[in-house]
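S.K.: Fold the following, please.
(chains A, B, C and D)
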Amino acid sequence: MDRKKISKSDLGQWLDKIAEEYELIGPAEEDEVVQFRPVKSSSELTLDYANSLLPPKSLFFPPVEELFSYQKRGEEIKLEQTKPLEKDRVVVGIRKCDVESLLLLDKVFCEDLVDAAYKERRDRTALIGLACPTPPRAACFCTSFDIDPLSPEGTDILLRDVGEAYLVDVATEKGQELVGLAGKLFSKLTKKEAEELQPPPVDMPKMDLSELGEKLEGMWEDPLWDKLSLPCLGCGICTYVCPTCHCFDIADVGSTSDGVRYRCWDSCMYKDFALMTSGVNPRATKAERARNRYFHKFSTFPSRYGTGYACVGCGRCLVHCPGGVEITEVMQEILAKEGAGE
Amino acid sequence: MPKTRVGVFVCHCGNNIGGVVRVPDVVEYARTLPNVTYAEDNLYTCSEEGLSSIKDQIAKEGLNRIVVASCTPRTHEPLFKKACEEAGLNKYLFEFVNIREHCSWVHMHDPAMATQKAKELVRMGVAKAVHLEPQEEFESDVFPAALVIGGGVAGMSAALALANQGIQVHLVEREQELGGLIRGVQTLFPTEQDTDELLRPLAERVKAHPQISVFLGSEVESVSGFIGDFDVSVRTDGEVEGLRVGTIVVATGAEELKPVGLYRYGELPNVVTQLEFEEQFKSGGDVPRSVAIINCVGARIPQRTYCGRFCCATAIKNAIWMMERDPEARVYVLHRDVMAYGVEIEEFYQRAMELGVRFLRYDVESPPEVLGEDRAKAVKVQHQLMGKEVTLPVDMVVLTTPLVARDDNGKLSKMLKVPLGSEGFFLEAHLKLRPIEFSTDGVYVCGAARYPSNIPESVSQAYAAAAKASIPIREGLVRVEAITAVCDERTCSACGNCVEACPFGAVELQQGRFGRTAYVNTALCKGCGCCVAACPSGAMQQRGFSDRQVLSMIGALAEVMTGGVE
Amino acid sequence: MQDKLQEVVRKLLAEGAVEYFIGYCQSSQPHRAVPCFVSDESEVEKLVWGPLCGQNLSKYVLRANELEGKVGILLKGCDTRAIVELIKQHQIERDKIVAIGVPCQGQVDGRKLEKALGVSLEQVTNVEDAGDGFLVTVGEETKKVPKEEVLLDKCFRCKHPYAFPYDVTLGEVVPFTIEADVGEYAAVEELEALPIEERRAFWRKQFERCIRCNACREACYACYCKECLFDRKMPRWLAAPPLLSENEMYHLIRAVHLAGRCIDCGECQRVCPVNIPLGSLYRKIQKDVAELFDYEAGMEMDTVPPLVNFELDDQDPFL
Amino acid sequence: MVSSSDSLGNGFEPKILVFACNWCSYAGADLAGVSRLQMPPNCRVVRVMCSARVRPEFVITALSKGLDGVLVLGCHPGDCHYSEGNYFTRRRGLLLRKLLEYVGIEPERFQVRWVSASEGAKFAETVERVTEQIRALGPNRPRSEVLPTEPGDK
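M.R.: This is a model prediction of the structure:
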């Protein structure tokens, strides 16, 4: 891996160079909300941020997307598929937890059945990661999932804040290409710098989650779910802000003559999520829905896709839950169960 | 479920529609609409030929929704519904589209737009028709008895009119005697007949009638149920009796305004109201020699804007009475306007003047003033014609006040679920077209309970109310059009908005299979939809006007704007 | 106060007077208190009371309908307005609740505090009431922040049904007052003063951002419908995708449904993850309901909701 | 798209939804027809039994779905066939008008009027005036934003 540095004052210039050739996307603040969105210029970006409200999964698996549209005029029927991306994209400022989540989502959308739209977006998007600030958010717990917030893995380039400059770890060829767009802005590290310029380690409490999935297995009938259903209001915030949640709904909006098939996010926390046409609802209670969510994260998903837990410790759900439900507490409770899973 | 098959019949109405709207185009268009399996045009859809075509196509094409695009539903809807019924299709699966009054007749100079509009209206009608559902009308028996509340002239007349048709009548009077307000009146204008001559035989006939049971000293304590089957509790001396009746006539009358605070009434002993004057002298007694009658006391003022209607006649009557007793008497009538309407009362007015009653007009801005310390001694008034202030020495002042609504009308109106107007009188369903009915079925009103009315008016209203009240009893059956509200008990949360919004008290919260939910009493529901619009969750719906049906019409129209359809 | 609260709750649980008690406890994040459900005496010590308890817990009492016994709940004065409405709207019987009244000296708005401090809220480790301000600890440092800078909007117009029948009070519960130059409907009036195109643009921007996570609805005490209009399948009022027109419809219909119900608790705005100023929408409804119909939700037990009531002399611009 | 242009060609022609109560306003509209009062062809009347059946959600939906205006017609206060329905209409109208205006929807796009069965001329004038007002405002929302949806039909 190639390590360079770029001064903070030059970063914008580089990104603007990128923006000339690519669609540049990054965290930008508007109405006090930081979201990933396309920007025309680097000046719109907010790189000094904790994390975005919606995870950048939205760039690959958008909250609403048109799958196709149809038009019927007389006997003539016209179908139009989702438009491919106009330009290749570069996402700057993505955090490691979110990068990990994309690796998990890739399992869902790019293995077995390949979701062409998702895959196209993934293939045509380069990721410039931004290592986490110190100290990290109080809600962060990615290290509990053995995620190294300073690792460039999964990105093309990783930026690390070292005060006046960023260390630039170029991990892929694509990354090299991007650096090459404004090569003169980057400098090699001197030996001294290579030794001294170290971003501070990211410290956060780490939980031992090795027994989590196993313990959970025995907890299908546990009173914990009922207890969780007390504060839960039944909204969908936790799933919407979750970088690994990927449930969606297909909605046909239209008439006999014109219409669009949309795919939009759905939430397993909604009471009618599992409702069947017959009127039967296999997850009619909040307790059942809460149980489903945790089982999915820590048991179903890992065994289905052969991965680790489907949580990356970004802490978004914990911060935004209006009822104050904290996934870390839930995990602690599961781990504290005596004898469960044995 | 069978496939939805909509048949559309577009009427030329001779040249009325066809002369403007390109009817064949509309038919062509209708054929392209979702769920439409048949469409045709008719010269007159309402003709024998058109109607039999509807019936034939129901059979032949297996149509299960019929849309007729022609004139206003207000005239021919029953006709088309009947045709559907005759062809074995539930008549509530019919939808009317108005392309005449609302289209061809009002866009006569723009055939292209009129045609376009007709198409869109048909599109909306079809969209709604798809969601129509067969309905059954609510029917219930009518219990063959009537309740008349109030034993005055109106109440007694109504009771007799009903009883004479062989209908069992319960007459409830709060006083110990029949007769009502005019028991205190000595003579009646303009005949100057002694009140007893009218009242006594009427009361005797009522009491003697085998079909009438009279409750004296009694009050209605509660009413529940609906047209055809009301349960009424009547309290007499602490005893409560339950009655079952099919219809109810309200004839509770009104009372004379006691004008406390006006013209020193209540302060001076010889300042009295007309009724008090009559009560005082009916039994005899010295008639005062000099009397000022002040009219419009407490009437036609901002707090009480209405005219008492016959108080002028009452004043004239009593003035004449005094003058005839004592031609030397000095009787002044201080008035604002003299309401002596009709031939008889005008003549009556003339006679008063001939007898020497002095009519003085006063201005509401400078009303008369009653002078005197312990007793009224004189009345000072700005004489409008003479343009100067005059002081009339008097032995007595008689105040002419209007009838006012009884205080406890509110209680009765709640019990019966019928409205009161702003002055507290009972409010009829329609001033002109339904003057003695309430919009609550099976309840009727007559006499001064509705507004100040004189005896001939009270009696004719009583007969009208009795006639109306007898119709359901004669028919023996009431049927409610199936456009009533229904509550989906599974999804109702019992917030109670519907209960508050219902003008007829037809919705209640009840404990049922799904916990506490709203419940619509179909017999009381009039199908206005107030409750439906007030229901936030959509649990309350109106048959024939459901959210789904109305939304589909909105959607059908909005759809036109997306350009996909013509 | 906190000790007294714990003492009362301990007693309620010991006597079996309630099945559980709804209060606040400290979150793992020190800058906030979260709802807490205590059914065992051993958990009572978790209960806290302080200036981070702005959340309206009232909606949680509805669960009592499923219980044999009662639930206890800690209620600020403003929260009781929700209880008044829930009782009025037949959602709960008064005797299913053991209501503990707590005197409140104003609650902190996290977003405002963040702004006032200029640091992320997560760095706040403690907030304490100190009369006219709050003592806020960030790291090692504790400083006093004036109340008018960081109070929840609703605290500036604190009012509650004065005679709400609490079962127990932890002190005299009276409306909190603060000297501050904030108009009753300042935020609404500011928007009202804009030209209509700017208002449209403003709200379009807000509604465009909505992800329709339904948090505003689920957090709202008044959204207790067994089946929400928006969740109905026949007819379906809203298309599922959170497109602008649908979002607009969602928020406007919600606003209409809350006319005469909204008690200004601020939960919708608090929970909105995308910071839509929902308070400004619902304040508008409250303002109009007050001005047009002289009605205020949650203040009286026996008034008729404004949209299912009328006066013969209501304004009539429709002639 | 015929619907958004007049028969002469281009100018913007609004699409207006009208709710009329069965007893007064629908009859008033009929009378306008019987009297052959000519009026612009932009309104589409939906008959309801009482104006109070018109839930505000219908108005909001219609405007969200792209219709250019909604007109609710009922009996004059005091004349309601159901005695008090239109008093509810009046309150809803008062509130909704202000709400819509607040979010930037011109008040002309949602109007309430009392039209009795005898007021055919008033019906025609109302249609004329409301159409003109809305025509002057232009489309309620860009046509491209209008979802091709039939909300009742899903």
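
S.K.: Give me the local confidence score for residue B:1.
M.R.: On the pLDDT scale, residue B:1 is placed at 68.

S.K.: what about the strands in the chain?
M.R.: Assuming you mean chain A. Per DSSP state E, chain A has strands spanning A:2-7, A:23-30, A:33-39, A:64-73, A:76-81, A:89-94, A:125-130, A:157-161, A:165-170, A:186-188, A:248-254, A:258-265. These are given in chain order.

S.K.: looking at chain D here, not the other one
M.R.: Ranges of strands in chain D, per DSSP E, are D:16-21, D:43-48, D:69-74, D:110-114.

S.K.: what is the rounded mean pLDDT of the first one?
M.R.: Average pLDDT, strand D:16-21: 97.

S.K.: is it true that residue A:89 touches residue A:126?
M.R.: Yes. Contact criterion C-beta atoms under 8 Å: residue A:89 and residue A:126 qualify, at 7.3 Å. For every residue, glycine as well, the C-beta is placed using N, CA and C.

S.K.: Per-residue pLDDT of the residue lying closest to residue B:154 once chain neighbours are set aside, please?
M.R.: Once flanking residues are discounted, residue B:154 sits nearest to residue B:447: 2.7 Å by C-beta to C-beta, 6 or more residues apart in numbering or on different chains. You'll see residue B:447 listed with a pLDDT of 97.

S.K.: Count the residues that sit near residue B:447.
M.R.: Residue B:447 has 33 neighbouring residues, counting by other C-beta atoms under 10 Å in any protein chain shown.

S.K.: Please list all residues in contact with it.
M.R.: B:150, B:152, B:153, B:154, B:155, B:251, B:253, B:453, B:458, B:461, B:462 (C-beta atoms under 8 Å, 6 or more residues apart in numbering or on different chains).

S.K.: Looking at the stretch 401-550 of chain B, what residue ends up closest to chain D?
M.R.: Closest to chain D within the stretch 401-550 of chain B is residue B:529: 2.9 Å, counting by C-beta to the nearest C-beta.

S.K.: Does the lowest-mean-pLDDT helix or strand in chain D reach chain C?
M.R.: In chain D, the helix or strand scored least confidently by mean pLDDT, DSSP states H and E is helix D:25-34, which has a mean of 94. No. Helix D:25-34 stays clear of chain C (C-beta under 8 Å from any C-beta of the partner chain), getting no nearer than 11.6 Å.

S.K.: Could you name the helices and strands sitting against that helix?
M.R.: Applying 3 or more C-beta pairs under 8 Å, 6 or more residues apart in numbering or on different chains; DSSP states H and E, we find helix D:25-34 packed against helix B:73-86, strand D:16-21, strand D:43-48, strand D:69-74, helix D:120-137.

S.K.: tell me the contacts of the nearest residue to residue A:314 once chain neighbours are set aside?
M.R.: Counting by C-beta to C-beta, 6+ apart, residue A:97 is the residue found nearest to residue A:314 once chain neighbours are left out, at 4.1 Å. Residue A:97 makes contact with A:51, A:140, A:142, A:147, A:149, A:243, A:312, A:313, A:314 under the criterion C-beta under 8 Å, 6+ apart.

S.K.: likewise residue B:179?
M.R.: B:151, B:152, B:153, B:199, B:203.

S.K.: Residue B:463 now?
M.R.: B:157, B:158, B:161.

S.K.: Please report the distance of the second one from chain C.
M.R.: The span separating residue B:158 from chain C equals 29 Å under the rule C-beta to the nearest C-beta, to the nearest Å.

S.K.: do residue A:209 as well
M.R.: Taking C-beta to the nearest C-beta, one finds residue A:209 at 16 Å from chain C.

S.K.: thinking that residue is in contact with residue A:144, fair?
M.R.: Yes. Counting by C-beta under 8 Å, residue A:144 is a contact partner of residue A:209 at 5.5 Å.

S.K.: Quick check: neighbours shared by the two?
M.R.: In contact with both residue A:209 and residue A:144: residue A:331, using C-beta under 8 Å, 6+ apart.

S.K.: Would you mind listing where the chain has pLDDT under the threshold?
M.R.: All of this is about chain A. Low-confidence segments of chain A (pLDDT under 70): A:1, A:339-342.

S.K.: wrong one, I was asking about chain D
M.R.: D:1-10, D:147-154.

S.K.: switch to 50 and redo it
M.R.: Residue ranges of chain D with pLDDT under 50: D:1-9, D:151-154.

S.K.: Minimum distance to chain C, which residue of the stretch 201-342 of chain A gives it?
M.R.: Taking C-beta to the nearest C-beta, the stretch 201-342 of chain A has residue A:324 as its residue nearest chain C, at 2.4 Å.

S.K.: Next up, the contacts around that residue.
M.R.: Here residue A:324 is in contact with A:231, C:27, C:32, C:33, C:34, C:35, C:36 (C-beta under 8 Å, 6+ apart).

S.K.: tell me what the helix or strand harbouring the last one is packed against?
M.R.: Assigned by DSSP states H and E, residue C:36 belongs to strand C:33-38. Contact analysis of strand C:33-38 by 3+ C-beta pairs under 8 Å, 6+ apart lists strand C:20-26, strand C:47-48 as its packing neighbours.

S.K.: Return the mean pLDDT over the last one, rounded to an integer.
M.R.: Looking back up the chat, that one is strand C:47-48. Rounded mean pLDDT across strand C:47-48 is 96.

S.K.: Kindly report the same for the first one.
M.R.: For strand C:20-26, the per-residue pLDDT values average out at 96.

S.K.: Give the partner strands of it in its sheet and their orientations.
M.R.: Strand pairing for strand C:20-26, using DSSP bridges, gives strand C:33-38 (antiparallel), strand C:47-48 (antiparallel), strand C:71-75 (parallel).

S.K.: and those, which is most packed in?
M.R.: Of all the strands paired with strand C:20-26, strand C:71-75 has the most neighbours on average by mean count of other C-beta atoms under 10 Å in any protein chain shown, namely a mean of 25.

S.K.: The helix or strand just after that strand and chain A in contact?
M.R.: Sequence-wise, the next helix or strand downstream of strand C:71-75 (DSSP H and E) is helix C:77-88. No. Looking at helix C:77-88 against chain A by C-beta under 8 Å from any C-beta, there are no contacts, and the closest approach is 14.0 Å.

S.K.: how far out from the middle of the chain is the following helix or strand past helix C:77-88?
M.R.: Later in the chain than helix C:77-88, the nearest helix or strand by DSSP H and E is strand C:97-101. What separates the centre of strand C:97-101 from the centre of its chain is 17 Å, taken as C-alpha atoms, centre = their mean, to the nearest Å.

S.K.: All set now, cheers.
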